[in-house]
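S.K.: Could you look at this predicted model? Sequence included:
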Amino acid sequence: MGRRKVPDLYRAPFPLYTVKIDPKTGLILTAGGGGASKTGIKNGVHFLSLELVGSQHSATLLHSHDTGTCATMNMALGGDVIAAGQDGNCNLMRFKQRAPKEGQSGSAKDGAGEQGGARRRGGKGQNGGGDVAHMKDASLQILVEDVGVVKSDLSPQDPVQKCVRFSSDLKLLLTGGADGYLRVWEYPSLKEKLNFKAHKDEIEDLDISPDNKHIVTVGRDFACNVWSGDQLALGLCWHDNMPHITEKMYRYQSCRFAKVEDQKDALRLYTVQIPHKRERKPLPCYLTKWDGKSFLPLLTKTCGNEVISCLGVSDSGTFLGLGTITGSVAIYIAFSLQKLYYVHESHGIVVTDLAFLPNAPKIKPLKGSNEVAMFSVAVDSRCQLHTVPSRRSVPVWLVLLLCGLLLVGVILLLQHHFPGFI
């Protein structure tokens with residue numbers, strides 16, 4: 001199952017650290033860079049358009065937004081606003097699409113470089129490899145403007161924002177820093193609401209419940225905390241019933257809330273646990289499903305010996321995505337935590353982020369005949385699209401018809417061998 005080859009959908013001129021999909025426009029936003037080092041590697045946010053022709057996917061570069069000397073290490077989308085983690089700041093940028101003026105090509109605005117032109121790279125979808133690059137004469141233009149900035153990490157040396165999230169109602173902006181502080185701002189006013197030490201060490205990940213009542217944070221201090229405002233509600237422990245696992249054998253790496261398909265009032269929390277230390281014989285990583293309201297553990301399963309680097313959840317809550325530090329990519333069924341898809345070392349190095357293609361009306365047709373589609377990006381500068389074909393199901397009426405025919409056949413057979421049976 002892991003020996004397949006996934007072609008590159010897009011390859012950027014710099015390492016990629018994050019990817020997001022705008023459900024309204026269908027744009028793919030991916031970002032990264034070489035940072036402040038004078039290596040000649042740029043920093044930027046790339047806006048891509050996804051197309052499906054037949055069974056082949058391809059990506060078109062619509063716009064490249066230069067972020068100066070700062071690489072974007074993480075980002076969140078809040079409507080048409082990007083919250084980008086750049087060093088110790090959270091920079092907010094608004095983007096919008098604009099049709100080119102009559103007679104003006106897509107490359108005329110910013111010159112004949114990568115800024116204005118729509119350049120297609122990538123794919124022959126799931127049916128082949130190779131890179132394709134060409135310019136479109138006319139395309140939508142993407143305009144980006146800065147709308148605000150907040151200080152999200154105050155570490156005295158090398159401040160870094162580790163994670164960022166918008167609340168589902170877009171009223172709150174949350175960041176976690178290398179200094180261990182959780183900071184919450186009211187949005188869009190950017191008035192500080194909370195600022196407190198949530199972990200003794202770096203905050204690795206965070207998420208907020210759909211009703212904004214609980215914030216979950218995971219840190220390098222082995223803790224996964226549930227907060228109500230700035231008050232600690234409880235600390236989670238995933239291995240209570242696993243005596244062979246000691247207290248500091250594993251640490252939490254990721255956390256995500258997710259809804260439950262066909263259960264309107266249900267909520268789940270998923271966490272990833274990875275070994276704290278490298279062993280000669282690699283220890284397995286674990287994936288845990290929690291009740292998102294009572295925070296009781298529901299199911300824990302191993303998810304391989306490769307160290308997990310990132311976690312993604314589909315908007316329906318049906319699928320989970322995992323990336324590893326060795327470049328492998330997997331998709332799991334959220335209900336059972338069963339592996340559905342796996343590609344061994346699909347990327348050449350650490351998978352940094354994952355994003356599922358949403359079920360929004362404008363985007364759903366881009367899935368084609370696939371049940372699920374997920375993007376992955378990595379430090380190797382590649383963006384890939386992983387798809388799982390729809391599982392074929394037999395209609396209920398056909399099953400009933402076959403059962404009826406089978407029953408009639410059995411009765412006729414008995415009547416033939418045992419006359420007078422009926």
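M.R.: Nice, thanks for sending it over.

S.K.: Assign a three-state SS to residue 398, would you?
M.R.: Here residue 398 is recorded as helix under DSSP: H, G, I helix; E, B strand; the rest coil.

S.K.: can you check residue 69 too?
M.R.: Three-state call for residue 69 (three-state DSSP): coil.

S.K.: quick one: it from residue 33, how far?
M.R.: As judged by CB to CB, to the nearest Å, residue 69 and residue 33 stand 9 Å apart. Any C-beta I mention is one placed from the backbone N, CA and C, and that applies to glycine too.

S.K.: higher neighbour count, those two?
M.R.: residue 33 (26 against 15; other CB atoms under 10 Å).

S.K.: Next up, the contacts around the more buried one.
M.R.: Residue 33 makes contact with 14-15, 41-44, 67, 70-72, according to CB atoms under 8 Å, 6 or more residues apart in numbering.

S.K.: Count residues in the vicinity of residue 228, would you?
M.R.: 11.

S.K.: can you pull the contacts of it?
M.R.: Residue 228 makes contact with 213-214, according to CB under 8 Å, 6+ apart.

S.K.: So residue 340 is in contact with residue 322, correct?
M.R.: No: here residue 340 does not reach residue 322: they are 11.1 Å apart, not a contact under CB atoms under 8 Å.

S.K.: Are there residues contacting both of those two? Which ones?
M.R.: Residues touching both residue 340 and residue 322 by CB under 8 Å, 6+ apart: 331-332.

S.K.: Compare those two and say which is more crowded by neighbours.
M.R.: Legend: neighbour count by other CB under 10 Å for residue 340 and residue 322, higher for residue 322 (26 against 16).

S.K.: need the contact list for the closest residue to residue 377 other than its chain neighbours.
M.R.: Nearest non-adjacent residue to residue 377, counting by CB to CB, 6 or more residues apart in numbering: residue 16, 3.8 Å away. Counting by CB under 8 Å, 6+ apart, residue 16 makes contact with 30-32, 352-353, 377-379, 381-383.

S.K.: still on that earlier bit, residues shared between the contacts of residue 69 and residue 33?
M.R.: residue 43.

S.K.: Can I get the helix or strand hosting residue 76 as PDB, trimmed to CA atoms?
M.R.: Assigned by DSSP states H and E, residue 76 falls within strand 72-78. Taking C-alpha atoms only, strand 72-78 is exported to PDB below (Å, rounded to 0.1, in the frame of the first residue of the first chain):
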ATOM      1  CA  THR A  72       5.600  32.100   7.000                       C
ATOM      2  CA  MET A  73       5.900  29.100   9.300                       C
ATOM      3  CA  ASN A  74       2.200  28.600  10.000                       C
ATOM      4  CA  MET A  75      -1.100  30.300   9.100                       C
ATOM      5  CA  ALA A  76      -4.800  30.300   9.500                       C
ATOM      6  CA  LEU A  77      -7.600  31.500   7.300                       C
ATOM      7  CA  GLY A  78     -10.400  33.700   8.600                       C
END
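
S.K.: which other helices and strands contact that strand?
M.R.: On a contact count with 3 or more CB pairs under 8 Å, 6 or more residues apart in numbering; DSSP states H and E, strand 72-78 meets strand 16-21, strand 27-33, strand 43-53, strand 81-86, strand 161-166.

S.K.: Next, the buried residues of whichever helix or strand comes after the third one.
M.R.: Scanning forward in sequence from strand 43-53 by DSSP H and E, the next helix or strand is strand 56-66. Of the residues in strand 56-66, 56-65 count as buried by neighbour count, 16 or more other CB atoms under 10 Å.

S.K.: Also stretch 143-158?
M.R.: For stretch 143-158, a neighbour-count test (16+ other CB under 10 Å) marks 144, 148, 150, 152-153 as buried.

S.K.: cool, and stretch 285-299?
M.R.: Buried residues in stretch 285-299, counted by 16+ other CB under 10 Å: 285-290, 292, 295, 297.

S.K.: What mean pLDDT does the strand or helix carrying residue 207 get?
M.R.: According to DSSP H and E, residue 207 maps onto strand 203-208. The pLDDT scores in strand 203-208 average 98.

S.K.: Pairing partners for the following helix or strand past that strand, with directions?
M.R.: Downstream of strand 203-208, the first helix or strand assigned by DSSP H and E is strand 215-219. Within its sheet, strand 215-219 is paired with strand 203-208 (antiparallel), strand 224-228 (antiparallel), according to DSSP bridges.
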